[in-house]
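Engineer: Give me a model of this one.
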Amino acid sequence: MDMSAIRKYWGYLLLLVLLYGWTGDKFGPGVLAILSGFIVLYVLFQAPVWCTAETRNKSFCRNNAGGLLMGCHLREHKWQKFRMVVKTRYWGRLGRRFMTGIGAQAATFSAIAGIASAMTAIIALVVKKGA
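Structural biologist: Residues are numbered from 1 along each chain as shown. Okay, the predicted model is just below:
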């Protein structure tokens, strides 16, 4: 495998390691929570997806972007989706942008899996500490 591909898709490889870790007592809940956090950060800020920022003619930008919340190289697009997270009236539009294209869909479902995994691992860690 090419090193540039590993550098580009390391979060998805980490997701496979996380799935392996959940299949038994391979890792403790603390390690699973940390791995899950890295996956969520990767998906939000580095995963290869389309920009999907709104262009002047009201269509989606098809330039490459890094992560679900970041835009492409164009200055106007760079933080457009990230700002949409703060304003609740844009959440529906942002959710649709998270489902445009196979890359964004893979990243969205990986983010959901990472968040669910992190929450489960943290709950398991708290229960384990309390017992």
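
Engineer: Spatially central, which residue of the chain would that be?
Structural biologist: With distances taken as CA atoms, centre = their mean, the chain has residue 43 as the residue nearest its mean C-alpha position (2.2 Å).

Engineer: pretty sure that one contacts residue 110?
Structural biologist: Yes. Contact criterion CB atoms under 8 Å: residue 43 and residue 110 qualify, at 5.0 Å. Every residue, glycine included, has its C-beta placed from N, CA and C.

Engineer: where do the contact lists of these two overlap?
Structural biologist: Counting by CB atoms under 8 Å, 6 or more residues apart in numbering, the common neighbours of residue 43 and residue 110 are residue 11.

Engineer: and residue 85, what element?
Structural biologist: Taking DSSP states H and E as the criterion, residue 85 maps to helix 80-86.

Engineer: If you count neighbours, what's buried in that helix?
Structural biologist: 80, 81, 82, 84 (16 or more other CB atoms under 10 Å).

Engineer: same question, stretch 9-16
Structural biologist: 9, 11, 12, 14, 15.

Engineer: Quick one: those as TSV, columns for pLDDT and distance to residue 115 too.
Structural biologist: Below are those laid out as TSV (pLDDT from 0 to 100; distance: CB to CB, whole Å):
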residue	pLDDT	distance to residue 115
9	91	20
11	94	14
12	94	16
14	95	14
15	94	12
